[in-house]
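Asks: Provided below are the primary sequence and the corresponding predicted coordinates.
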Amino acid sequence: VKALLSHRFDRGGGGKFVTIYPRDDEQFRRLVPLLDAATERFSGPAILSDTRYAPDSVVHYRYGAITGDRPVHRNEGYFEVPLVSPSGEWEDDPRNAWFSPPSWAVDPFPRPEAASAAGPIVLHGRYEVVEAIRHSNRGGVYRAIDDLSGISVIIKEARPFIGPEDDGTDMTDRLRHEYAMLRRFRNHRGLLPRPVDFFEEGGHSFLVESMQPGTDARNWWRTRVPADVAERDRVTGSFVAQLKELVSIVHNDGVVLRDLTPGNIMIDGDKLSLIDPEYFAVEGSPVAPAFTFGYAPLSTIRTRNIAPAHGDDYNLAMCIVFLTTGVEPLILTPSTSDDTAGQLLDDWLTLLFETNPSATAYEVEVRRLLGRPAPRARVAEPTSEPLQLDAESLFEQPLREAVAQLIAVDWDEVERDGVAPWRPDDSGTA
């Protein structure tokens with residue numbers, strides 16, 4: 001049930017726990033009122049693909065395929081069972097995030113048609129929705145205009161019962177907590193979006209915040225990173241300094257960020273800010289699980305229930321890596337032993353900084369934050385004598401030795417082993 005209520009579950013069928021298939025409309029009409037009476041003491045989320053039998057009822061219904069006698073193979077590579085219309089034609093059976101029966105289906109429990117909304121959608125009597133940025137099982141995120149101020153705002157929605165935790169909280173509680181964190185840091189301009197409002201409407205919770213300009217760090221690396229290496233290093237160096245300052249501000253107030261990733265780092269020109277403080281927590285307080293694989297240490301992934309004092313060190317290190325290289329972190333699974341994880345991380349860091357020389361200025365700091373040993377020296381001590389380079393010593397002799405070794409291979413033995421990629425000719429060339 002918890003998985004069905006996850007904010008990552010498909011929002012059309014999210015929360016649908018039991019499905020009953022009646023034989024016909026007559027049995028359906030008898031059964032639904034009985035189910036409603038039997039479950040009246042329960043509560044649960046609205047099933048978006050269905051319609052409720054009655055207000056606040058947990059019994060929902062939709063018109064859809066049942067027997068699956070004629071599966072259709074779709075171009076996307078999956079099978080889908082179509083509906084059959086009264087005239088015998090096949091029709092799609094969409095599982096939309098809204099009630100969408102076929103035009104010829106008759107509702108067994110007729111009800112007055114809801115009046116279609118005319119004009120724009122206005123929430124809380126003042127926020128005119130301009131567009132939906134994204135939808136999920138937890139609710140939507142919208143861009144709107146505040147009619148009182150005329151400014152653009154972001155509205156986040158949370159549906160009740162979605163994302164339940166063991167302590168009884170859900171996404172509505174998490175959204176309220178996010179609003180509280182925005183208010184806590186509202187005097188630190190440029191750190192987070194400005195809190196505007198929090199309200200409930202239609203049983204859902206809504207947080208209103210100022211629109212944070214710019215783009216997130218991942219998109220910046222995909223679309224806006226300077227082509228000139230020197231300019232890129234200058235800009236990313238400034239970003240690293242700003243990020244450490246922002247994290248320091250949060251820590252100085254006794255709060256840990258817990259889930260710092262490139263996705264909640266905003267870049268606007270040469271300025272950095274943060275978004276989505278829903279997982280911020282007072283240091284040492286009990287918390288619900290919150291982490292992103294690759295950006296959290298195994299200790300956090302395994303324990304999950306306490307906001308540690310130094311829990312952001314790992315996240316910060318991996319964000320420094322990303323800001324300076326555009327490389328996502330190594331992902332370690334909870335089953336990986338500490339010794340193996342340490343060796344894998346050391347090998348990954350060595351390769352990372354060897355192939356990204358511009359980021360080596362941060363290697364010592366990154367390793368310290370990750371709790372890993374300092375890097376081994378990779379360059380020889382400088383000498384007062386000028387370095388003499390010639391093509392003979394650098395290329396020709398090693399090449400001759402490699403070719404000589406290649407010619408010395410017993411190719412007949414190689415072929416007997418079932419591998420004969422190619423053989424050199426007598427002159428030593430392939």
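Replies: That came through fine. Numbers count the residues shown, from 1 in each chain.

Asks: got the contact list for the closest residue to T333 other than its chain neighbours?
Replies: Spatially, and ignoring its direct neighbours in sequence, T333 is nearest to F293 (8.0 Å; C-beta to C-beta, 6 or more residues apart in numbering). For glycine as for every other residue, the C-beta is placed from the backbone atoms N, C-alpha and C. Shown in contact with F293 (C-beta atoms under 8 Å, 6 or more residues apart in numbering): 301, 331-333.

Asks: you'd agree G163 is up against D170?
Replies: Yes. Here G163 reaches D170: they are 5.3 Å apart, a contact under C-beta atoms under 8 Å.

Asks: from A158, how far out is D93?
Replies: Here the criterion is C-beta to C-beta, to the nearest Å. By it, D93 lies 30 Å from A158.

Asks: more neighbours: which of those two?
Replies: Between D93 and A158, counted using other C-beta atoms under 10 Å, A158 has the larger neighbour count: 24 against 18.

Asks: quick check: the gap between that one and G342.
Replies: Plainly put, A158 is 39 Å away from G342 if you go by C-beta to C-beta.

Asks: wait, doesn't G263 sit right on R218?
Replies: Yes. G263 is within contact range of R218, at 6.2 Å (criterion: C-beta under 8 Å).

Asks: now the helices for the stretch 101-250 of the chain?
Replies: Assignment of helices within the stretch 101-250 of the chain using DSSP state H, counting those that start in this stretch yields the ranges 171-184, 217-223, 229-252.

Asks: so what's the gap between the second one and the chain middle?
Replies: This means helix 217-223. When C-alpha coordinates are averaged (C-alpha atoms, centre = their mean, to the nearest Å), helix 217-223 and its chain have centres 15 Å apart.

Asks: quick check: longest strand of the protein.
Replies: Longest strand of the chain, by residue count under DSSP state E: strand 127-136.

Asks: export it as CSV, just CAs?
Replies: Output of strand 127-136 as CSV, limited to C-alpha atoms (Å, rounded to 0.1, in the frame of the first residue of the first chain):
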residue,chain,number,x,y,z
TYR,A,127,-3.5,33.2,-7.7
GLU,A,128,-4.2,32.9,-11.4
VAL,A,129,-2.6,29.8,-12.8
VAL,A,130,-0.7,30.4,-16.0
GLU,A,131,0.8,26.9,-16.6
ALA,A,132,1.4,23.6,-15.1
ILE,A,133,5.2,23.0,-14.7
ARG,A,134,4.8,19.3,-13.8
HIS,A,135,2.3,16.8,-12.4
SER,A,136,2.9,13.9,-10.1
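
Asks: list the contacts of D10.
Replies: By C-beta under 8 Å, 6+ apart, the neighbours of D10 are 95, 137.

Asks: kindly report the same for G203.
Replies: G203 makes contacts with P160, as judged by C-beta under 8 Å, 6+ apart.
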